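Enquirer: Got a predicted model here, sequence first, then my questions.
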Amino acid sequence: MTTLAGSTPGDIDAIGAAAKFHFPSGLAIDPFNDIYVADRLNHKIRKVTSSRVVTSFAGTGNPGYVDGDVGSSQFKFPGGVTLDGDFNIYVADVSNHKIRLITQKNELQGSAIGQAGDHNVTLNANDGAGGSTDQSFTITVADVTPPSGFSVVINQKPITSENESSISFTFTNAEVGAAYSYNFNSTGGGTDIIGTGTIATASEMIGPLDLSSLGDGSVTLSVSLEDTQGNMGLPTTDIVPKGDCLDGTGGVLPASVWYADNDGDGFGDVNTSMSSCSQPNGFVPDRLIVMILTLK
């Protein structure tokens, strides 16, 4: 049998026998062969490495009850230690009548967008007696946050026969470098307009696009973004009316909606509540004649 660390009562961080404990009462060993010791009368949790280096791991050394980081926390006669699978440490804090938890953080903190990628890390370890070694490795941080907070707006409202072949839409707060995919469809039917690309600026404008194949009705634009890590965000939409015959609220009226011949020219008159409507050439519906006869 040999002495790993400690000698006479005291509170000294050092190597092997030069270190001192005062009534060590419980210990636990992690997978790296580091030992965590409940140093009861020093009111601390001490750490002993496989190379016999002893340090104060948690607790100020003053008896009390304070939660916080390991350097400012306080225990009162800690008497037992154990670890879980995530290397969190549980302490039986005897005179505080509590079970205390010490968490160990092993991950990078912060925004995934700012930290995503490869990071070169160098660790330096020393034995406290002049010997040291460096270990270099690479940590890869993945971006797991999908694009969000962006919006799109169709720049032409309403869409008419005069502008339907030159439609555009604009992003707000788009993630630069993300791939976009869009789809235009109409309640009036027709062939959907789809496309893809890559965001170059957060306020990028896409177009001109030809929407003449879509029927008159409510046109919906749906756009999704997928970032360079393959995270797909929720789609965002914009809706505008399409047609040459619109009512006063911007709703689309079919070209066949006409009214009685109030001016006697043989053609149906457009309802004055419509903001824009062009009469089809040669349009003289039978029902219009019936309406006129009924009125007389």
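Expert: That came through fine.
Enquirer: how about the helices of the stretch 1-150 of the chain, start to end?
Expert: Here the stretch 1-150 of the chain has its helices, by DSSP state H, counting those that start in this stretch, at 112-115.
Enquirer: where are the low-confidence patches of it?
Expert: 104-116, 125-131 (pLDDT under 70).
Enquirer: now swap in the stretch 151-296 of the chain and tell me
Expert: Using pLDDT under 70, the stretch 151-296 of the chain drops low at 245-296.
Enquirer: Could you rerun that using 90?
Expert: Low-confidence segments of the stretch 151-296 of the chain, defined by pLDDT under 90: 157, 160-161, 188, 216-217, 228-230, 243-296.
Enquirer: the strands in it, which residues?
Expert: Taking DSSP state E, counting those that start in this stretch as the test, the strands found in the stretch 151-296 of the chain are 151-154, 167-172, 179-186, 193-198, 205-209, 217-226, 236-242.
Enquirer: what's the answer for the stretch 1-150 of the chain, then?
Expert: All strands of the stretch 1-150 of the chain, identified by DSSP E, counting those that start in this stretch, fall at 24-29, 35-39, 44-48, 54-58, 78-83, 89-93, 98-102, 117-126, 132-141.
Enquirer: The strands of the stretch 151-296 of the chain: which one's closest to residue 63?
Expert: Nearest to residue 63, of all these, is strand 217-226, at 56.1 Å by C-beta to C-beta. Using the backbone N, CA and C atoms, a C-beta is placed for each residue, glycine as well.
Enquirer: ok, how many other residues are close to the residue nearest to residue 202 when sequence neighbours are not counted?
Expert: Distance criterion C-beta to C-beta, 6 or more residues apart in numbering; nearest residue to residue 202, sequence neighbours excluded, is residue 174 at 5.2 Å. Using other C-beta atoms under 10 Å, residue 174 has 24 other residues around it.
Enquirer: residues contacting residue 174?
Expert: 147, 150, 180, 199, 201, 202, 203, 204, 225 (C-beta atoms under 8 Å, 6 or more residues apart in numbering).
Enquirer: and if you look at residue 42?
Expert: Applying C-beta under 8 Å, 6+ apart, the residues contacting residue 42 are 11, 21, 22, 23, 59, 61.
Enquirer: one more time with 6 Å, if that's ok
Expert: Contact partners of residue 42, counting by C-beta atoms under 6 Å, 6 or more residues apart in numbering, are 11, 22, 61.
Enquirer: Got a ChimeraX select line for the buried ones in those?
Expert: Under the burial definition 16 or more other C-beta atoms under 10 Å, those of these that qualify are selected in ChimeraX by:
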select :11,22
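Enquirer: Can you lay out the contacts of residue 42 as CSV showing distance to residue 212?
Expert: As requested, the contacts of residue 42 are arranged in CSV below (distance: C-beta to C-beta, whole Å):
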residue, distance to residue 212
11, 84
22, 87
61, 80
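Enquirer: Is it possible to get CSV of the strands of the stretch 1-150 of the chain that adds distance to residue 212 and mean neighbour count?
Expert: Compiled in CSV, the strands of the stretch 1-150 of the chain are given as follows (distance: least, C-beta to C-beta, whole Å; neighbours: other C-beta atoms under 10 Å):
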stretch, distance to residue 212, mean neighbour count
strand 24-29, 74, 16
strand 35-39, 73, 24
strand 44-48, 74, 24
strand 54-58, 72, 20
strand 78-83, 69, 19
strand 89-93, 69, 20
strand 98-102, 66, 15
strand 117-126, 44, 10
strand 132-141, 47, 10
